[in-house]
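> Sequence unavailable; structure follows:
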């Protein structure tokens, strides 16, 4: 009887180039995504060693982290950011890499444009010098973040020396209740297993609720895998995935398409295959979530309260600095927490479906006078598609700022940052101290919850929202 | 890469769990295009008050922890962003190793590439080192990567595990790219049997 293998193991096995004794296996990388922040030192290393980029056709670059989201054409006022962007432009020219520059109609957050362009495909190994590379696992690819030394390694060799991670199956039973999105599922999982709950593992998300997610929902879910410490997150490719990829600019066509789909159909985990860990999630028990602390595992349902811990307990020791930083009193109902800023965007939640969901909430309302809210589409393609549907008009009429694409306030490397003490409802992925600006207080939520907070001025349960 | 064999150094305790890479090196300092010069920004937001002054209460500013080269911290050290700048900042500041009960995967991998050692010890051992670093003046420990052992001058000893490949890379300061390129024949053979798909070839810039 053949060995039963998981989705991860099938992709892993198909990419092992060599297994030198005493060394970890050498894994072939099908697609390498590059951005401005984690690549300059890698290109400098290549240059110093007289090495070339081995596979320019498997390498795609864009600018996303640093760039302003004000109208294109306005100069980049931060000279150090400008220097980093220029370095990538120069490096792509010198090494012959396809580059979607700031003025390209295909520019966007690297994890948004990969799928949009069709370069992200099932069964691939995909890396990028960015921890949220796990996003691409939504397509049934093995996609993980790497450091700059590994970026250089892949540029030079198209391979990585990798120890085989363990596998974890997260089985989501039942279907997501109304108002509960992929983001809430991700936050619910991290809340249950913790921010290091999946360290050393590749997660495969499975179960009815996962199968029912759109590709955009699956991307949101896989994106947050790293917040549970996972090396990668994946969903088995199916008709939903194939339909998304088909016809995209760099996706296989014609006979090659048929052959690819045949190959992809063999990828899902064999019945009875073994996982190193299995976690079960009951979808019916999930709610719209809001983080209260300084890591994504510090999360409660919107109907809950800021948790209270017994003084001196281990949990209290961890919660105390988080609560101090967040300026929150234990026991405060989440719905009574007022926000100053709202950010809808990031590689987690900036795709068309996210913007549609937020616009549906915002329609016919006005942003609360004390709140400044911004919507930052994930890519130029998302932006233009949203504008064709008139979503931007809904946002602008409601008082949201409608910006150009980029990472923006998810990490505040560009001018979009929180001021000290400002509280933000954010659709991004990290509520770490200072992530969105020094002293800024981030609460992670879904796009609908963020839009509702912008209008109400405080967190509010989207399940009770009156839609116009 | 600078090899790591045996290192004796002063220890600073950072009694926090889940120290994320945004704390180790905040994003506003990621824009340099060199690998050097990040040390002065290490733990920037913890080391400085909002008005930019040095915060004397932060552990690395305590006179006792001057010229430290070993950091001991809580579990899941280095979680979050993949930024290798976190390791560069620690190394540039003068650290050669961090000891913790666990590390985030990407941070651990980035460490090895920079001749920087991430040592995993048990919660109890970490707590003991943390206690001694808090209580003793001029507390030093010795990390011996050749024998995977740690000891201080006051009777504390511990052994740690590290995968053989990482250990070899650190001990010998190996160039991993050079090692991989020794497999040129296998890589080329793999590429012949797995060509870039036809439509992806339109990514060509020429």
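Now that the structure is in, tell me what you want to look at. These figures come from a predicted structure and were not determined experimentally.
> Any figure for the gap between the closest residue to residue B:85 other than its chain neighbours and residue A:167?
Once its chain neighbours are removed from consideration, residue B:85 has its nearest residue in residue B:25; the separation is 4.8 Å (C-beta to C-beta, 6 or more residues apart in numbering or on different chains). In this view, the C-beta of every residue, glycine as well, is placed from N, C-alpha and C. Residue B:25 sits 32 Å away from residue A:167 when distances are taken as C-beta to C-beta, to the nearest Å.
> Repeat that for residue B:95.
With distances taken as C-beta to C-beta, residue B:95 is found 33 Å from residue A:167.
> for residue B:18, same thing?
Taking C-beta to C-beta, one finds residue B:18 at 24 Å from residue A:167.
> Please identify which of the two sits among more neighbours.
Legend: neighbour count by other C-beta atoms under 10 Å in any protein chain shown for residue B:18 and residue A:167, higher for residue B:18 (26 against 23).
> what sits against the more buried one?
Under the criterion of C-beta atoms under 8 Å, 6 or more residues apart in numbering or on different chains, the contact list for residue B:18 reads A:195-196, A:295, A:318, B:74-77, B:79.
> try 7 Å
With contact set as C-beta atoms under 7 Å, 6 or more residues apart in numbering or on different chains, residue B:18 has these partners: A:195, A:295, B:76, B:79.
> Shouldn't it be within a helix?
No - under DSSP: H, G, I helix; E, B strand; the rest coil, residue B:18 falls outside any helix and is assigned coil.
> Roughly how far does it sit from residue A:304?
Relative to residue A:304, residue B:18 is positioned 21 Å away (C-beta to C-beta).
> right, is the top helix by length along chain B up against chain A?
Longest helix in chain B by number of residues (criterion: DSSP state H): helix B:123-135. No - Helix B:123-135 does not reach chain A (C-beta under 7 Å from any C-beta of the partner chain); its nearest approach is 10.5 Å.
> Next secondary structure after that helix?
Downstream of helix B:123-135, the first helix or strand assigned by DSSP states H and E is strand B:140-144.
> Would you mark the buried spots in that next one?
Of the residues in strand B:140-144, those with enough neighbours to count as buried (16 or more other C-beta atoms under 10 Å in any protein chain shown) are B:140-141, B:143.
> go on, stretch B:20-38?
By neighbour count, with 16+ other C-beta under 10 Å as the criterion, the buried positions of stretch B:20-38 are B:20-33, B:35, B:38.
> In the chain, where is pLDDT below threshold?
In the absence of a named chain, chain A is used. Within chain A, the stretches falling below the threshold (pLDDT under 70) are A:1.
> Correction: the question concerned chain B.
Filtered on pLDDT under 70, chain B yields the residue ranges B:206.
> ok, which stretches of it are helices?
Listed in chain order, the helices of chain B (DSSP H) span B:21-24, B:44-47, B:85-93, B:105-112, B:123-135, B:164-172, B:176-181, B:184-193.
> what residues does the fourth one touch?
In this structure, residues lying in contact with helix B:105-112 by C-beta under 7 Å, 6+ apart are A:131, A:145-147, A:149, A:199-200, A:231, B:21, B:77-78, B:82, B:84, B:86-87, B:117-118, B:166, B:169-170.
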